[in-house]
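Enquirer: need a structure here:
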Amino acid sequence: MSTESCAAPGAPSARPARLPAAVLAALLGAVLLVLGTAGAAGAAEDRPGERIADELRKSPVFVDPSYRQAFPADQQRRLAKKIKASGIPVRVIVVPFISGDAWGGEPEKMVDVVRDRLGESRQKEAVYMTLSRTEGFLNGYEFPRDGKHQAFWGVSAVGHQEDMADKSLYAKFSRALEIVKSGDGDKQYEEATKDLKGGDRPSADENGEDGPSPLLLAALIVPALAVLVVAVLTVRARRSRTSVRAPFTSPRSVFATARKAGVRDLRKRAQRELLAYNEELLAHEPGDAGAAAADTELLQLSLDAYSAAGTVLDNARDIPDLAGVLALLHEGRDALRRSESADGAAAALPLCFFHPLHGPAAERVRWRPLGRRESLHVAACGDCAAAVGARRAPEVLTQTHEERRIPYFEVPAERSLWAATGYGSLTEDSLTERVLRGDFTRTR
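Expert: Residues are numbered from 1 along each chain as shown. Reported below is the predicted structural model:
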């Protein structure tokens with residue numbers, strides 16, 4: 001698969017001229033003034049997050065009315081007392097997650113919205129515990145992400161501990177709090193899931209020699225094991241390149257619900273994300289005239305990413321295009337984050353190569369497409385990295401090409417910007433640059 005640029009020889013660049021950092025925010029505000037009413041409409045969708053944030057200011061435990069029979073008020077108060085006694089800024093949020101809700105059915109998105117409404121900075125210490133989309137499991141999120149409490153793994157461990165089976169929500173969140181207090185969540189997760197992992201699995205060696213064929217392995221697996229596979233597939237790993245594991249819970253089948261109705265839902269999500277990114281840009285305070293050239297370049301990239309995402313959204317025809325909008329916004333947010341960093345923060349990995357709707361990648365993996373001799377180093381989420389490591393086929397984003405459903409990356413590169421770039425995994429230049437120079441529209 002070629003990863004060469006699709007630009008026509010000699011084609012002029014569509015990238016705007018760079019502007020001094022001191023005037024960028026004012027210019028952006030003038031250009032985006034017409035979006036005021038759209039921003040107001042989008043604000044209505046933030047009300048659930050605002051309501052949760054308001055309640056968390058009163059108590060560290062919020063339980064949606066739909067769960068109050070399963071998690072009564074007296075148990076909520078007892079858990080709140082335990083949290084306060086721990087001295088750790090833990091927040092428990094118990095709400096249902098449904099595709100199409102205010103946060104797209106994603107617990108992590110809900111946590112991000114609530115933290116924003118609470119005005120918490122990236123470095124403010126906090127531990128959030130939520131329900132997982134997998135029944136019986138919990139999710140944990142810690143900030144800063146490399147925090148000392150090991151909440152991500154520790155909270156996930158609760159769903160695998162045998163003595164927690166069929167226990168109440170109060171009991172499960174209490175156990176999660178105990179693990180967070182102990183600070184050994186990684187160890188407890190390993191202990192709770194040791195029976196699920198089996199022995200070390202072989203991987204392709206650096207000489208390119210393979211083990212058994214994936215088709216042969218599939219033919220030898222007892223059909224009944226399919227149930228176990230579904231039970232132990234990993235949830236998306238936290239957004240960190242240092243983590244190579246993921247909790248053994250069911251994967252998010254984002255694409256499974258993204259057919260006809262899914263395109264509309266994803267378009268709405270992309271619109272909301274674009275508006276939210278607009279607010280982030282407007283809230284950014286540009287540096288003084290003496291700002292470093294690198295910071296100015298990153299800020300320019302963050303603005304360009306907004307323009308590129310709008311271009312793709314206006315012309316998006318299917319889910320791969322809409323996923324491209326989210327990939328561009330991810331790229332822009334990362335550039336904005338790095339422009340604000342005082343210590344030269346490294347660039348984040350792009351979205352998952354195999355299925356960008358899985359979210360940001362956790363690591364890069366070596367992967368060889370079936371039937372090909374050459375291998376690629378691509379960015380993968382926790383689920384897909386685990387699948388590749390175990391010689392399973394990862395879930396991939398597909399699209400229709402010549403009346404057939406095929407993986408998006410098998411579409412000829414000259415017909416798809418996403419196939420040519422792997423949503424950022426296969427190129428050195430940015431997706432933003434390619435869209436602004438016309439690569440996206442040329443493939444339409």
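Enquirer: alpha carbons only for contacts and neighbour counts from here, please
Expert: Noted.
Enquirer: which residues in the protein form strands?
Expert: 61-63, 90-94, 126-131, 138-143, 363-367, 376-380, 398-401, 404-407 (DSSP state E).
Enquirer: Please convert those strands to CSV, extending it with mean pLDDT and distance to V312.
Expert: Listed next are those as CSV, based on pLDDT from 0 to 100; distance: least, Cα to Cα, whole Å:
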stretch, mean pLDDT, distance to V312
strand 61-63, 95, 38
strand 90-94, 96, 35
strand 126-131, 94, 33
strand 138-143, 91, 32
strand 363-367, 91, 26
strand 376-380, 92, 22
strand 398-401, 89, 17
strand 404-407, 89, 20
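Enquirer: JSON lines please, covering these and showing distance to G332 and mean neighbour count.
Expert: Output for those, formatted as JSON lines (distance: least, Cα to Cα, whole Å; neighbours: other Cα atoms under 10 Å):
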{"stretch": "strand 61-63", "distance to G332": "32", "mean neighbour count": "21"}
{"stretch": "strand 90-94", "distance to G332": "29", "mean neighbour count": "22"}
{"stretch": "strand 126-131", "distance to G332": "25", "mean neighbour count": "22"}
{"stretch": "strand 138-143", "distance to G332": "21", "mean neighbour count": "24"}
{"stretch": "strand 363-367", "distance to G332": "20", "mean neighbour count": "19"}
{"stretch": "strand 376-380", "distance to G332": "18", "mean neighbour count": "22"}
{"stretch": "strand 398-401", "distance to G332": "25", "mean neighbour count": "16"}
{"stretch": "strand 404-407", "distance to G332": "26", "mean neighbour count": "13"}
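Enquirer: doesn't H401 make contact with A419?
Expert: No: if you go by Cα atoms under 8 Å, A419 and H401 don't touch, sitting 12.0 Å apart.
Enquirer: still on that earlier bit, tell me which of the strands of the chain sits nearest to Y423.
Expert: strand 376-380 (9.5 Å; Cα to Cα).
Enquirer: Grab the CA positions of that closest one and hand them over as PDB.
Expert: Extracted C-alpha coordinates of strand 376-380, given in PDB (Å, rounded to 0.1, in the frame of the first residue of the first chain):
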ATOM      1  CA  LEU A 376       4.100  -2.100   9.100                       C
ATOM      2  CA  HIS A 377       4.700  -0.300  12.300                       C
ATOM      3  CA  VAL A 378       1.300   1.200  13.200                       C
ATOM      4  CA  ALA A 379      -0.300   3.000  16.100                       C
ATOM      5  CA  ALA A 380      -2.900   0.700  17.900                       C
END
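Enquirer: tilt between that strand and strand 363-367?
Expert: Between the axes of strand 376-380 and strand 363-367, defined by axes from the mean of the first three to the mean of the last three Cα atoms, to 10 degrees, the angle is 140 degrees.
Enquirer: name the helices or strands packed onto strand 376-380?
Expert: Applying 3 or more Cα pairs under 8 Å, 6 or more residues apart in numbering; DSSP states H and E, one finds that strand 376-380 makes contact with strand 363-367.
Enquirer: and R338, which of the strands of the chain is closest to it?
Expert: strand 138-143 (17.6 Å).
Enquirer: Identify the contacts common to A419 and H401.
Expert: V411 (Cα atoms under 8 Å, 6 or more residues apart in numbering).
Enquirer: possible to save the strands of the chain as JSON lines with distance to D166?
Expert: Converted to JSON lines, the strands of the chain look like this (distance: least, Cα to Cα, whole Å):
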{"stretch": "strand 61-63", "distance to D166": "19"}
{"stretch": "strand 90-94", "distance to D166": "17"}
{"stretch": "strand 126-131", "distance to D166": "15"}
{"stretch": "strand 138-143", "distance to D166": "13"}
{"stretch": "strand 363-367", "distance to D166": "34"}
{"stretch": "strand 376-380", "distance to D166": "33"}
{"stretch": "strand 398-401", "distance to D166": "38"}
{"stretch": "strand 404-407", "distance to D166": "40"}
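Enquirer: Indicate which one of those is closest to G324.
Expert: Of all the strands of the chain, strand 398-401 comes closest under Cα to Cα, at 13.2 Å.
Enquirer: Contacts for that closest one, please.
Expert: 319-320, 405-408, 411.
Enquirer: Same check on stretch 108-125?
Expert: 46, 49-50, 52-53, 89, 102-103, 128, 141-144, 147.
Enquirer: picking up where we left off before, for F353, find the nearest of the strands of the chain.
Expert: strand 376-380 (5.6 Å).
Enquirer: ok, the closest one: who's next to it in the sheet?
Expert: Sheet pairing of strand 376-380 (DSSP bridges) gives strand 363-367 (antiparallel).
Enquirer: just for the stretch 101-250 of the chain, where's the confidence low?
Expert: 146, 195-250 (pLDDT under 70).
Enquirer: Taking the contacts of strand 398-401, tell me the two that lie furthest apart.
Expert: Distance extremes for those: the farthest pair is I319 and V411 at 14.2 Å, using Cα to Cα.
Enquirer: returning to that earlier point: wait, which of the contacts of strand 398-401 is closest to R68?
Expert: I319 (37.0 Å).
Enquirer: Roughly how far does the closest residue to the closest one other than its chain neighbours sit from T311?
Expert: Once flanking residues are discounted, I319 sits nearest to V263: 5.9 Å by Cα to Cα, 6 or more residues apart in numbering. Computed as Cα to Cα, to the nearest Å, the V263 to T311 distance reads 17 Å.
Enquirer: Between the two, which is the more surrounded one?
Expert: Between V263 and T311, counted using other Cα atoms under 10 Å, V263 has the larger neighbour count: 19 against 16.
Enquirer: Pull up the per-residue confidence for that one.
Expert: If you check V263, the pLDDT there is 79.
Enquirer: what's the burial count for E280?
Expert: E280: 12 neighbours (other Cα under 10 Å).
Enquirer: should've said G104
Expert: Residues near G104, counting by other Cα under 10 Å, number 17.
Enquirer: Same question for A390.
Expert: When neighbours are counted by other Cα under 10 Å, A390 registers 15.
Enquirer: Quick check on it: phi, psi?
Expert: Here is the backbone geometry of A390 (degrees, to the nearest 10): phi -100, psi 10.
Enquirer: roughly how far apart are it and Y67?
Expert: Distance from A390 to Y67, by Cα to Cα: 37 Å.
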